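Undergrad: turn this into a model:
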Amino acid sequence: MLVLTDINKQYPDGTHALKQINLELHKGMVGLLGPNGAGKSTLMRTLACLQAPDQGDYAFLGKSCLQDPSMLRKQLGYVPQHFGVYPNMSCEALLTHIAVLKGLSPQQYKKQIPELLALTNLTSVTKRHVSTFSGGMKQRFGIAQALLGEPKLLIMDEPTSGLDPAERERLHDVLVEISADKLIILSTHIVEDIENLCHQVAMLIEGQIIDSDDVETLIAPLNNKIWLSDTLPESHAQVLSKSYKYGKPSWRIYSEQQPTANARPQLAKLEDRYFLELHKKEARHANK
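TA: Next up, the predicted model:
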């Protein structure tokens, strides 16, 4: 559905945010995974027609978005990481206002708004001001407004950032329900969200796509090489991450062989591949 070809973006201050991005994305939920500053928001803003790339092109349903951005805008729903709301407008009134801006007829939005409020579990708060909503409610409102007009492409930038576990779970339910017939691009640094929700993952580090595939394929090179140890290895095995349980530390380690006497084999996770790529990046910088 969406094909990116040699997308390049450099800002006036010299920041090279995107470097020759090539991707092919089909319907379903696709995760864009990378650390803060990797270029995720730049790519999302570019795809949402908020800024143009310096080089390259991207096509949706076979048509160039740079040559005809209005075509994409008609098919697009966008949920930015932070969005403002009018403080004195109710949930229903604000959705109606956004629907009018999107060009929906009264017949269309009077049908769609109740359906979207039910989908996002906001029916009981239609008369409340959106400015009084909790973080999770605002994110669900963000999805509702993005779905006005029945877009085929939905772009979400860090949608679960700052949400508590219950709010994240409710948001996940909504995303899974709506992902069957549209392309949803989910940009986040929360690896667990992508591993749980997405059929395809693109890993973006320092403006470059390191790899893009389904989760099982991405972690396959790490199978039988991930260990959990209560002590640090003395060898050159790669320590991927550190965690605590009941206040006691343990380390996830990437190694061909058992790195410590108490190391236990673990199933590889997307998070392991993510940390391995980050360590490779740090090693490249250290060798410069």
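Undergrad: list the contacts of the helix or strand of the chain with the lowest mean pLDDT.
TA: Ranked by mean pLDDT, DSSP states H and E, the weakest helix or strand in the chain is helix 165-178, scoring a mean of 83. Residues from elsewhere that reach helix 165-178, judged by Cβ atoms under 8 Å, 6 or more residues apart in numbering: 29, 119-121, 134-136, 139-140, 143, 147, 154, 156, 159-160, 163, 184, 186, 193, 196-197. To be clear about C-beta, it is placed using only N, CA and C from the backbone, and glycine gets the same treatment.
Undergrad: got the buried residues for stretch 236-245?
TA: 237, 238, 239, 240, 241 (16 or more other Cβ atoms under 10 Å).
Undergrad: for those, which one is nearest residue 77?
TA: Ranked by distance to residue 77 (Cβ to Cβ), the buried residues of stretch 236-245 are led by residue 241 at 34.2 Å.
Undergrad: show the contacting residues for the closest residue to residue 36 other than its chain neighbours.
TA: The spatial neighbour of residue 36 that comes closest, neighbours along the chain excluded (Cβ to Cβ, 6 or more residues apart in numbering), is residue 189 at 6.3 Å. Listed by Cβ under 8 Å, 6+ apart, the contact set of residue 189 reads 33, 34, 35, 36, 40, 158.
Undergrad: mind checking which of the residues you listed are in strands?
TA: residue 33 (DSSP state E).
Undergrad: now the strands: where do they sit in this protein?
TA: Secondary structure of the chain (DSSP E): strands located at 2-10, 16-25, 28-33, 55-60, 63-64, 76-79, 153-157, 183-188, 200-205, 208-213, 226-229, 238-245, 248-254, 264-265.
Undergrad: packing partners for the second one?
TA: What it means is strand 16-25. If you count contacts as 3 or more Cβ pairs under 8 Å, 6 or more residues apart in numbering; DSSP states H and E, strand 16-25 packs onto strand 2-10, helix 40-47, strand 200-205, strand 208-213.
Undergrad: could the ones you listed go into a markdown table alongside mean pLDDT, mean neighbour count and distance to residue 109?
TA: What follows is these, written out as a markdown table (pLDDT from 0 to 100; neighbours: other Cβ atoms under 10 Å; distance: least, Cβ to Cβ, whole Å):
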| stretch | mean pLDDT | mean neighbour count | distance to residue 109 |
| --- | --- | --- | --- |
| strand 2-10 | 96 | 18 | 26 |
| helix 40-47 | 91 | 22 | 25 |
| strand 200-205 | 94 | 23 | 32 |
| strand 208-213 | 94 | 17 | 37 |
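Undergrad: including distance to residue 276, could those go into TSV?
TA: Formatted as TSV, the helices and strands packed on strand 16-25 follow (distance: least, Cβ to Cβ, whole Å):
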stretch	distance to residue 276
strand 2-10	25
helix 40-47	19
strand 200-205	10
strand 208-213	10
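Undergrad: these: which one's closest to residue 266?
TA: Nearest of those (Cβ to Cβ): strand 200-205, 19.7 Å.
Undergrad: the closest one - contacts with which helices or strands?
TA: strand 16-25, strand 28-33, strand 208-213, helix 215-219, helix 270-287.
Undergrad: ranking these by burial, who's on top?
TA: The highest mean neighbour count among the helices and strands packed on strand 200-205, using mean count of other Cβ atoms under 10 Å, belongs to strand 28-33: a mean of 25.
Undergrad: ok, of the helices and strands packed on strand 200-205, where does mean pLDDT dip lowest?
TA: The minimum mean pLDDT among the helices and strands packed on strand 200-205 belongs to helix 270-287 (a mean of 87).
Undergrad: tell me how far that helix lies from the chain's centre.
TA: From the chain centre to the centre of helix 270-287 is a distance of 20 Å (Cα atoms, centre = their mean, to the nearest Å).
Undergrad: please name the nearest non-neighbouring residue to residue 8.
TA: Nearest to residue 8 is residue 55, by Cβ to Cβ, 6+ apart, at 4.0 Å.
Undergrad: give me the neighbour count for the one you found.
TA: When neighbours are counted by other Cβ atoms under 10 Å, residue 55 registers 13.
Undergrad: correct me if wrong: it contacts residue 7.
TA: Yes. Assessed by Cβ atoms under 8 Å, residue 55 is found in contact with residue 7 at 7.4 Å.
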